[in-house]
Every structure is written in structure tokens, then in C-alpha cells.
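> missing the sequence, but the structure's below:
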């Protein structure tokens, strides 16, 4: 009976984590570039009650009797499906169509990656620089900061679908800056480590960043100026998942209650 108590407790703990994850998905439903996260479970150890043996009559009994000892959260996996594109009037808003990621140079000097393209022009030490909302410089395809030439207005800058950056002069002439917004892909994007603020860090599980501009064999992503990629969280699906998790939690708590009642009956046998 004690086995049932502890087994049901592992189910309650696992479903609590599941609800925590669903809550995080719902709270980020309007976060730019956010990717839905899915909790996955695995069974715990099994206790062997009876090994493979023969019956009293000598008949073969090849299947053992094993009882599982519960479950636990195996991983929380990000689902990198394309989010819907939302139109924006901000010229520094960019959405990625494809598997690419933007790259930013953080304060510690490390490069991190993001799908959130809500960028701004900021005055930096080298001039007017394209940055994310936290002021971290966005990198081009050569892993360099994107800095405007002197006396060029940020409002005149345009970015093509392949990420090429240019600007229009006062007389209407278009000038190509020979720079491209950097786009990078990973063999296993789900292996990227989340560091907060819509930023992702390379890990051994994700593999090294592959520059779309220099790595052969990659399907190139496209950049859409005046668009943002919305979260791919589906509210209706998350609400259904929450109901299922709640019911599973309730069933596990009922198993604990039932086990307790059975223990009580066993204890009362002496009376």
C-alpha cells in the first residue's frame, strides 16, 4: 500500500510541473518570437515482484510481474514551429520566415540568439547601432555590429528579404551598405539553453551556430521588415492541456486518498 502512496505522489509532482509549464506558455502568448514549450515524461524504476519462472505444474511462465514506481519530468522541449507574422509600423521590427535566428552580442561579450526581431537604433560608441530592446548590438553575417554611416538617418534604412541593408539618400538614390543581418541555424534548436529576455545560448546539445550566409546546404531564411513574429502558443490547446493536467493531478490525489483508506481498513482489522 505504501508503494501506491509514493507512486501517486510522483504523478502529482510531475503534473504540477506540467501546469507550471502550461502557465508559462499562456503568460508568453503575446511575447515576440516565443516558442511553445512542452513537458515530456518518463517512467521511474520498476519493482520486480516475480521473475520469469515456471508454474507449480512445470509450465513456462516467461513474463515477469513488475510494478512501476511512478513518473517524472524528462524534459521541457521547445516547439520551433513558425509563428504568425504581425504587421508593424516600426521600421526596425523584423520577422524571420524560416529556421534562422538573429544574433546579438551581450554585455559579457558572448553571442546569443533570438527569434524576437523587435530591434531599435541606438547611439553607441561607434555610432548609430542596431540593437535589441536591452541595448545589445545585433550582428551581421560577419558577426560584426551593424552601424550606420555618419549623417545617415535611421528612418531611411531599408532591409530586403535576404537581409541586405541599405539606405536612401536625400535625392532618392538607394545605397547598398554591403551588409546583411546575420541569420544562423542549429542542428537541434531544442537544445539551446534559455537565458531569459528572449535570448538563447549555444550548448553541446544544440550544436554550433551555422551561418546561413556561409554554410552550404542550408535552406535560407527570409527577413520581413515591418513585421514581427508572434508567439506560436495556441491558447485553446493550452487550455485543453491544462484541464488534462488538472484531471491527472486530481486522479493521483484520489489514488493517495484511496491508499490511505485501505491502510486505515487494514489497521482496523485488529478491532
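Noted; the coordinates are in hand. Everything numeric in this text was worked out from a predicted model, so none of it was measured.
> For the rest of this, base every contact and every neighbour count on C-alpha atoms.
Fine.
> Can you give me every residue that contacts residue 2?
Contacts for residue 2 were tallied using C-alpha atoms under 8 Å, 6 or more residues apart in numbering; they are residue 259.
> Could you report the distance from it to residue 49?
Here the criterion is C-alpha to C-alpha, to the nearest Å. By it, residue 2 lies 15 Å from residue 49.
> Repeat that for residue 15.
27 Å.
> what does residue 32 give?
Following C-alpha to C-alpha, the distance that separates residue 32 from residue 49 is 52 Å.
> ok, those two, which is more surrounded?
Legend: neighbour count by other C-alpha atoms under 10 Å for residue 32 and residue 49, higher for residue 32 (21 against 9).
> Doesn't the more buried one belong to a strand?
No - assignment of residue 32 by DSSP: H, G, I helix; E, B strand; the rest coil gives coil, placing it outside any strand.
> And the strands in the stretch 151-271 of the chain, which stretches?
Ranges of strands within the stretch 151-271 of the chain are 157-159, 164-168, 174-180, 184-185, 193-196, 199-201, 210-211, 222-225, 227-229, based on DSSP state E, counting those that start in this stretch.
> wait, which of these is closest to residue 135?
strand 199-201 (13.0 Å; C-alpha to C-alpha).
> on that earlier part again, tabulate the strands of the stretch 151-271 of the chain in JSON lines, adding columns for mean neighbour count.
As requested, these are arranged in JSON lines below (neighbours: other C-alpha atoms under 10 Å):
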{"stretch": "strand 157-159", "mean neighbour count": "20"}
{"stretch": "strand 164-168", "mean neighbour count": "19"}
{"stretch": "strand 174-180", "mean neighbour count": "15"}
{"stretch": "strand 184-185", "mean neighbour count": "24"}
{"stretch": "strand 193-196", "mean neighbour count": "12"}
{"stretch": "strand 199-201", "mean neighbour count": "19"}
{"stretch": "strand 210-211", "mean neighbour count": "18"}
{"stretch": "strand 222-225", "mean neighbour count": "21"}
{"stretch": "strand 227-229", "mean neighbour count": "24"}
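> Fine by me, thanks again.
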